[in-house]
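[1] build me a model from this:
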Amino acid sequence: MNLLDMFSLGFTNLWRTRLRTFLTLLGVVIGIAALTSMVSFGTGMQKNVEDTFANNDLFTSMTVTSEEIDLEGMMHDAMEEDTVQKQSIPLNDSLIQVIREIEGVNTVFPEIWFVVKLEIGEETSSTNVNAVPASMGEFKPYNDLFAGKFFDNDSSKEVVIRWETLKRLKIIAEDEDKPYSLSEKDSLDGVCILPVDSILGRKIKVISAVVNAPQIALGGLMNIGADNQPFKENISEYVICGILKKASSFSNDAYKGGIVIPMKTARAIPRTNFTSMWNFFSKKKKKGGYNSLYVRVEEIEDVKFVKKELEQIGVKVFSIGDQLKEIRRVFMIMDAILGAIGTIALIVASLGIINTMIMSILERTREIGVMKAIGGSEWEIRKIFFVEASAIGLVGAIFGLILGWMVSRVANYVVNTSIMPAGEETVILFYFPLWLVLGAIVFSVVVSLAAGLYPASRAARINPVEALRHD
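    Residues are numbered from 1 along each chain as shown. As a prediction, this is how the structure comes out:
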């Protein structure tokens, strides 16, 4: 008896007991659906996080800082300048040039952040300025804007604004592919939806705070009034040339600038010389240094080499790429836990396979005796039952994957329409990579074969003489 005959005989036997086979199959289908949907949720979460990092160019970038500030020493000797900060490499233009010469470095520039107030028409909103060179327009996320273009030189009077920042200014940039519906709260707040053509080219005021030195020198701090404030506002006017895409629900853009301004233009904006309390104590700032530097490498593979070179210079380096292995490890543990829960359902289904196979043996004892009497070997008898068990596993896996995919689509739709805030980017929570699809099929077949092992062995051991006497 060849393999084709065994498959034909196996499927014929399963078809004869259609109801019992269907119920057994149903258990496998539910088990595979539970297993794949849970694992796909874990892989979907991992993919969303990694894609968000990749889309923001975080895997090919790193932040360079000086030595950490010695908090204990600073608090103990706050008045002694020599003990305020540990000896460190100053982050200045000379260091930038040294870093630029390192093999694999694509670009390097100082990270300049400061708080401003934006004004469009009658609306205002506070945010951070992110100063970047025009060359960053070649890289993510600046090379794929929601609308418009990136500025083309470092002295440009054009700026790129975030979609979320516009919303805080009560302007919704219209997306033709995904229409935005104003909620009752939006309507009450005066939010309006505008086509991008009416936003691009529009003027925006950037208001920064500067120290009112004459008033402070005259003792203004002791007699603060309407006309002698220690700080005054400086207003700079620019043109919106581009809009950044809406942030993903898996990204943390709280630290991102609400408006992106060319590097030289941002440096020319009058402002206070500190962005946090550490600037009061940092000797680097007094020497014309920077708080941190942004370094971008050509490829992810260059991160390790460039980081090693930077550390040899004596600076501290932080890279999200270093955490990638740990991130994947966390998700692997989560996938294992979710997979274990889903596997329980499949194990329960395997008990149904064992029951079906044993019942089949009892019903076909005489048939098995005839096959052995005419020369069928024990191995051939085993293979017939293995074929039946594997068929249940294969068909159950296919329909289980379909059911799992359908359940995940429904769950994804409910989350995006009922739970996620209006206007948020659609999130794909479930991901079915090829390895999961093939793995589910193989796993189902293996579990089914394991479940059929005992019934097949029992069938092979049947005595043909006693089997022929069986009613």
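[2] count of neighbours near the closest residue in space to Gly396 that isn't next to it in sequence?
    Excluding the flanking residues, the one nearest Gly396 by C-beta to C-beta, 6 or more residues apart in numbering is Val28, at 2.8 Å. From N, CA and C alone the C-beta is placed, and that goes for glycine too. Burial measure for Val28: 28 neighbouring residues, criterion other C-beta atoms under 10 Å.
[3] could you do Val64 as well?
    Count around Val64 with other C-beta under 10 Å applied: 26.
[4] skipping adjacent residues, who's closest to it in space?
    Closest residue to Val64 apart from its sequence neighbours, by C-beta to C-beta, 6+ apart: Leu293 at 4.1 Å.
[5] what strands flank the helix or strand hosting the one you found, and is each parallel or antiparallel?
    Leu293 is located in strand 292-297, with elements delineated by DSSP states H and E. Neighbouring strands of strand 292-297 in its sheet, by DSSP bridges, are strand 61-65 (antiparallel), strand 105-110 (antiparallel).
[6] direction included, what does the next helix or strand along the chain from the longest one pair up with?
    Looking back up the chat, that one is strand 105-110. Helices and strands here follow DSSP H and E; after strand 105-110, the next one along the chain is strand 112-120. Strand 112-120 has the following strand partners under DSSP bridges: strand 123-132 (antiparallel), strand 203-211 (antiparallel).
[7] can you list contacts of the longest one?
    In this case it means strand 123-132. 109, 112-118, 142, 165, 168-171, 206-207, 255-263, 265-267, 269 (C-beta atoms under 8 Å, 6 or more residues apart in numbering).
[8] filter these to the buried ones?
    Applying 16 or more other C-beta atoms under 10 Å to the contacts of strand 123-132, the neighbour count classes 109, 112-114, 116, 118, 142, 165, 168-171, 206, 256-263, 265-266, 269 as buried.
[9] so which of the strands paired with strand 112-120 is nearest Glu298?
    strand 123-132 (18.0 Å; C-beta to C-beta).
[10] mind listing what's buried along that closest one?
    Result for strand 123-132 [16+ other C-beta under 10 Å]: buried residues 125, 127-132.
[11] does Ser155 count as helix, strand or coil?
    The assignment at Ser155 comes out as coil when based on DSSP: H, G, I helix; E, B strand; the rest coil.
[12] gap between it and Leu26?
    69 Å (C-beta to C-beta, to the nearest Å).
[13] which of the two has more neighbours?
    Using other C-beta under 10 Å, the more surrounded residue of Ser155 and Leu26 is Leu26, with 15 against 12.
[14] name the helix or strand for that one, please.
    helix 18-55.
[15] tell me the helices and strands packed up against that helix.
    Under the contact criterion of 3 or more C-beta pairs under 8 Å, 6 or more residues apart in numbering; DSSP states H and E, helix 18-55 touches helix 324-363, helix 378-414, helix 434-460.
[16] residues of it that come out buried?
    20-21, 24-25, 27-50, 52-53.
[17] report the angle between it and helix 378-414.
    Angular relation of helix 18-55 and helix 378-414 on a 0 to 180 degree scale: 50 degrees, by axes from the mean of the first three to the mean of the last three C-alpha atoms, to 10 degrees.
[18] distance from helix 18-55 to the middle of the chain?
    In terms of C-alpha atoms, centre = their mean, to the nearest Å, the centre of helix 18-55 is found 19 Å from the chain centre.
[19] picking that back up, of all the strands paired with strand 112-120, which lies closest to Glu233?
    That would be, of the strands paired with strand 112-120 and by C-beta to C-beta, strand 203-211, which comes in at 5.2 Å.
[20] any idea of the mean pLDDT for the closest one?
    Mean per-residue pLDDT for strand 203-211: 85.
[21] give the buried residues for it.
    Buried, per 16+ other C-beta under 10 Å, within strand 203-211: 204, 206, 208-209.
[22] of those, closest to Val407?
    Checking these one by one against Val407 (C-beta to C-beta), the nearest turns out to be Ile204, at 46.2 Å.
[23] quick one, what contacts the closest one?
    118-120, 159, 161, 237-240, 259.
[24] ok, back up a step: dump the strands paired with strand 292-297 into TSV; add mean pLDDT and distance to Ile392 as well.
    Supplementary listing: the strands paired with strand 292-297 in TSV, determined by pLDDT from 0 to 100; distance: least, C-beta to C-beta, whole Å:
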stretch	mean pLDDT	distance to Ile392
strand 61-65	84	51
strand 105-110	88	55
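[25] ok, which of those strands comes nearest Lys372?
    strand 61-65 (70.6 Å).
[26] domain parsing for the protein?
    For the chain, automatic domain parsing gives the domain ranges 3-53+327-469, 62-319.
[27] worst mean pLDDT among these?
    Across the domains of the chain, domain 62-319 gives the lowest mean pLDDT, at a mean of 76.
[28] centre-most residue in the protein?
    Val49 (1.1 Å; C-alpha atoms, centre = their mean).
[29] that older thread, is the residue nearest to Val64 bridged to anything, and to what?
    Val64, Pro110.
[30] who's in contact with it?
    63-65, 91, 95-96, 99, 108-111.
[31] the strands paired with strand 112-120: which one's closest to Val297?
    The nearest among the strands paired with strand 112-120, by C-beta to C-beta, is strand 123-132 at 16.4 Å.
[32] from the chain's centre, how far out is the closest one? Work that out for me.
    25 Å.
[33] before we move on, the earlier item: okay, the buried residues of strand 123-132 in CSV with distance to Arg329 next?
    Output for these, formatted as CSV (distance: C-beta to C-beta, whole Å):
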residue, distance to Arg329
Ser125, 39
Thr127, 35
Asn128, 32
Val129, 36
Asn130, 31
Ala131, 35
Val132, 32
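[34] filter the contacts of Leu293 to the buried ones?
    64-65, 91, 95-96, 99, 108-111.
[35] now those residues in TSV, with distance to Ser350?
    What follows is the buried ones among the contacts of Leu293, written out as TSV (distance: C-beta to C-beta, whole Å):
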residue	distance to Ser350
Val64	55
Thr65	55
Leu91	62
Leu95	63
Ile96	63
Ile99	59
Val108	58
Phe109	60
Pro110	62
Glu111	57
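[36] for those, which one is nearest Ile337?
    Set against Ile337, the nearest of the buried ones among the contacts of Leu293 by C-beta to C-beta is Thr65 (36.3 Å).
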